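# how would this look folded up:
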Amino acid sequence: KEFKRDWLHAANTPITVPLNPKYRPDPHRWVCTCPNFVKTRFLVCKHLVQSVHPVVPTFFLEVQRNRTIPFWTHLLLVPLDSCPSPLATAAMPVPVPLEPANEGEMESGDEVGDGAEDDLVDTFCQQLDTRTFQERMLTHVKIRDFCDGLEYQIQFNDYRMLTVLERNGSSFLRLADNCLSRERRENSSRSRSPTTWEKGTASAMFYRARSTT
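Residues are numbered from 1 along each chain as shown. You can find the predicted model right below:
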């Protein structure tokens, strides 16, 4: 999401014309000599972003980050001085995972939009995975082994591991809590059954509770 905000910020920032002769954006190699390029966390600047054709939302889930030139690659990263990419209106390939970026802080003024589009992008991306439902779900079920490993960590009383778990897995842990909470309420004769669009457990609306009988 931070990368997407940086990209949209660069796409909507006006470029002074004529361009400073010291700035030489090269979208083919994805490098630019402007000072902002080397300062940004994701190696993007307004000159490069605005020198390629507009990208579709799924681009932010599929783009590949590289350690050498070009630093970003994707079939839709087509320079304006080239022919438009035929993929702009074609079916997208299976997504390539985004390489984790280095830790860093966002620059002020980079917030663009309200984040609503991010959820839509994630939903659309699910349609691009060619694996079956069973194959994808079984991949996630392996979390049982990780839970056993977490239980093993308790004896060491290491708050560093706990901090990493709560920070990096916060969204997943919230989902787990919501699903289990919804399940307990559906199986309880004393609690009010959760409604479909209940705000507190909306993320668990598709989770089917296991019966206790």
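# domains in this protein, as residue ranges please.
What automatic domain parsing lists as the domains of the chain is 1-130, 133-204.
# Now tabulate the ones you listed in JSON lines and tack on distance to R210 and mean neighbour count.
Bear in mind the C-beta positions are built from the backbone N, C-alpha and C, glycine included. Below are the domains of the chain laid out as JSON lines (distance: least, Cβ to Cβ, whole Å; neighbours: other Cβ atoms under 10 Å):
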{"stretch": "domain 1-130", "distance to R210": "24", "mean neighbour count": "14"}
{"stretch": "domain 133-204", "distance to R210": "6", "mean neighbour count": "12"}
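# could you dump the ones you listed to CSV with mean pLDDT?
Converted to CSV, the domains of the chain look like this (pLDDT from 0 to 100):
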stretch, mean pLDDT
domain 1-130, 72
domain 133-204, 85
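# Make JSON lines out of these and add distance to S211.
Below are these laid out as JSON lines (distance: least, Cβ to Cβ, whole Å):
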{"stretch": "domain 1-130", "distance to S211": "28"}
{"stretch": "domain 133-204", "distance to S211": "7"}
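# Hmm, A209 and E186 touching each other?
Yes - using Cβ atoms under 8 Å, E186 makes contact with A209 at a distance of 4.3 Å.
# contacts for the helix with the most length in the chain?
In the chain, with assignment by DSSP state H, the single longest helix is helix 170-187. Contacts to helix 170-187, defined as Cβ atoms under 8 Å, 6 or more residues apart in numbering, come from residues 165-166, 191-194, 200-204, 207, 209-212.
# 7 Å instead?
S191, S193, P194, T201, S203, A204, Y207, A209, R210, S211, T212 (Cβ atoms under 7 Å, 6 or more residues apart in numbering).
# Which two among the residues you listed are spaced furthest apart?
Farthest-apart pair in these is S203 and T212; separation 22.4 Å (Cβ to Cβ).
# hey, C-alpha coordinates of the longest helix of the chain in PDB?
As requested, the backbone C-alpha atoms of helix 170-187 are provided in PDB (Å, rounded to 0.1, in the frame of the first residue of the first chain):
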ATOM      1  CA  SER A 170      -1.700  -8.100  13.300                       C
ATOM      2  CA  SER A 171      -4.200  -8.300  10.400                       C
ATOM      3  CA  PHE A 172      -4.200 -12.100  10.300                       C
ATOM      4  CA  LEU A 173      -4.600 -12.300  14.100                       C
ATOM      5  CA  ARG A 174      -7.600  -9.900  13.900                       C
ATOM      6  CA  LEU A 175      -9.100 -12.100  11.300                       C
ATOM      7  CA  ALA A 176      -8.600 -15.200  13.400                       C
ATOM      8  CA  ASP A 177     -10.200 -13.500  16.500                       C
ATOM      9  CA  ASN A 178     -13.200 -12.400  14.400                       C
ATOM     10  CA  CYS A 179     -13.700 -15.900  12.900                       C
ATOM     11  CA  LEU A 180     -13.400 -17.600  16.300                       C
ATOM     12  CA  SER A 181     -15.600 -15.000  18.000                       C
ATOM     13  CA  ARG A 182     -18.300 -15.400  15.300                       C
ATOM     14  CA  GLU A 183     -18.100 -19.200  15.700                       C
ATOM     15  CA  ARG A 184     -18.500 -19.100  19.500                       C
ATOM     16  CA  ARG A 185     -21.600 -16.800  19.200                       C
ATOM     17  CA  GLU A 186     -23.200 -19.000  16.500                       C
ATOM     18  CA  ASN A 187     -22.700 -22.100  18.700                       C
END
